[in-house]
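1. need a structure here:
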Amino acid sequence: MSRVVLVHGIAQETKGEESLLLDWYPALCDGLKRAEAEPVDRAEVSMAFWGHVFRPAGRRTLGLPVLDASDVEQGLEEELLLGWWEAASAAETRVPGPDEPARLRTPRLVQRALDALSHSAFFAGLGESLLIHAARQVRRYFTEPTVRAAVQAEFARCVTDRTELVIAHSLGSVIAYEGLCAHPEWPDLTLITLGSPLGVRKMVFDRLEPAPAGGFARWPAPVRKWTNIADSGDAVALAKELAPVFGARVTDVPVHNGARAHDVRPYLTARETGAAVTRSLRRPGASA
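-> Got it, this is the predicted structure:
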């Protein structure tokens, strides 16, 4: 029953609501401080946690199964890895880009993409196997109806008549958007998306529910304000502006997050995010 609902992104399956809030809540308060605003009470903030949907059942081996280039499925998994590679190489001069046409997608090209991504500053610390698992979560969300429904149920459980603001990061922005579209009866609230891939054609935009029509997505009925915040070097948010396809009511705001452009913490600590949060909450001193 909180006023602020946070929605995380991929690769959080071994964490939980409270452990994620240990990172998110202080960063949120730092962003509010940068915007010269009062912090939000911890009791007013909750995490819509859905990572456990992707946590494998208990097994004798430790950790996630190790994957390599041969395990990457053709279609969405392959397209995501190649798209991230192209964006990372554009943002980092030290990351070599693909020198073959996109249509010539071969196992060798996928392996080169994984090698480049695992050595980029953007994906620092993620080995090949974890990169594939990340792409696989996105693919499973869009292609497995039971997974999509289970994730959506977790989000819907957290939004109540007291919710004033939803802050969603990465794939979490897709989950929040679809959930808000599915519940037009929910009270008015504000949406803030961080590092969102919602505008990425073919891989994300064209897979949304409800489906876009005529190149434009449906407006989520409960949303009275929507601020989309993206770093120009964010390889996941390939389409930095959402207003062109989601409508002029979206306010697109650029930020600079440094080398870890997609990390949620620099997004939350940004003054621009703090200002958007302040404008979103119905409290004394906040603008309408």
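
2. So for residue 194, what's the pLDDT?
-> Residue 194 carries a pLDDT score of 98 in this model.

3. again, but for residue 111
-> Note for residue 111: predicted pLDDT of 86.

4. Can you give me the neighbour number for it?
-> 15 (other CB atoms under 10 Å). Every C-beta, even on glycine, is put in place using the N, C-alpha and C of the backbone.

5. Quick check: it touching residue 69?
-> Yes: at 4.2 Å, residue 111 counts as touching residue 69 under the criterion of CB atoms under 8 Å.

6. next SSE after the longest helix seen in the chain?
-> In the chain, with assignment by DSSP state H, the single longest helix is helix 17-34. Moving toward the C-terminus from helix 17-34, the next helix or strand (DSSP states H and E) is strand 45-48.

7. who does that following strand touch, helix- and strand-wise?
-> strand 4-7, helix 17-34, helix 145-158, helix 171-182 (3 or more CB pairs under 8 Å, 6 or more residues apart in numbering; DSSP states H and E).

8. so which of the ones you listed is the most packed in?
-> strand 4-7 (a mean of 26; mean count of other CB atoms under 10 Å).

9. Buried residues, the lowest-mean-pLDDT helix or strand in the chain. List them.
-> Least confident helix or strand of the chain, by mean pLDDT, DSSP states H and E, is helix 107-118 with a mean of 81. Residues 109, 110, 112, 113, 114, 116, 117, 118 are the ones in helix 107-118 that count as buried (16 or more other CB atoms under 10 Å).

10. Could you dump those into TSV with distance to residue 228 added?
-> Formatted as TSV, the buried residues of helix 107-118 follow (distance: CB to CB, whole Å):
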residue	distance to residue 228
109	31
110	30
112	32
113	27
114	29
116	27
117	24
118	29
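
11. sorry, back to before: same list, the helices and strands packed on strand 45-48, but as TSV with mean pLDDT please.
-> Shown next, in TSV, are these (pLDDT from 0 to 100):
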stretch	mean pLDDT
strand 4-7	98
helix 17-34	97
helix 145-158	97
helix 171-182	98
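
12. Tell me which of these sits nearest to residue 282.
-> Set against residue 282 and scored by CB to CB, the helices and strands packed on strand 45-48 come closest in strand 4-7, at 11.6 Å.

13. can you give me the offset of that closest one from its chain's centre?
-> Strand 4-7 sits 12 Å away from the centroid of its parent chain (CA atoms, centre = their mean, to the nearest Å).

14. and for stretch 263-280, what are the contacting residues?
-> 4, 8-9, 23-24, 27-28, 30-35, 37, 40, 164-165, 167, 169-170, 190, 192, 194-195, 225, 227, 229, 231, 251, 253, 255, 257-258, 260, 286-287 (CB atoms under 8 Å, 6 or more residues apart in numbering).

15. Just the buried subset of those residues, written out for PyMOL, thanks.
-> Only the buried entries of the contacts of stretch 263-280 go into this PyMOL selection, using 16+ other CB under 10 Å:
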select buried, resi 4+8+9+24+27+28+30+31+32+35+37+40+164+165+167+169+170+190+192+194+195+225+227+229+231+253+255+257+260
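
16. wait, which of the helices and strands packed on strand 45-48 is closest to residue 92?
-> In terms of CB to CB, the element of the helices and strands packed on strand 45-48 nearest to residue 92 is helix 171-182, at 22.4 Å.

17. Would you convert the helices and strands packed on strand 45-48 into CSV that also reports distance to residue 134?
-> As requested, these are exported to CSV (distance: least, CB to CB, whole Å):
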stretch, distance to residue 134
strand 4-7, 17
helix 17-34, 16
helix 145-158, 15
helix 171-182, 9
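
18. among the ones you listed, which is nearest residue 132?
-> Residue 132 lies closest, by CB to CB, to one member of the helices and strands packed on strand 45-48: helix 171-182, at 15.4 Å.

19. That closest one to helix 145-158, inter-axis angle?
-> Computed by axes from the mean of the first three to the mean of the last three CA atoms, to 10 degrees, the angle separating helix 171-182 from helix 145-158 equals 80 degrees.

20. Run through the neighbouring helices and strands of helix 171-182.
-> strand 4-7, strand 45-48, helix 128-143, helix 145-158, strand 165-169, strand 189-194.

21. cutoff 6 Å now
-> Secondary-structure packing of helix 171-182 (3 or more CB pairs under 6 Å, 6 or more residues apart in numbering; DSSP states H and E): strand 4-7, helix 145-158.

22. What helix or strand is residue 226 located in?
-> According to DSSP H and E, residue 226 maps onto strand 223-231.

23. roughly how far out does that strand sit from the chain middle?
-> How far strand 223-231 lies from its chain's middle: 13 Å, per CA atoms, centre = their mean.
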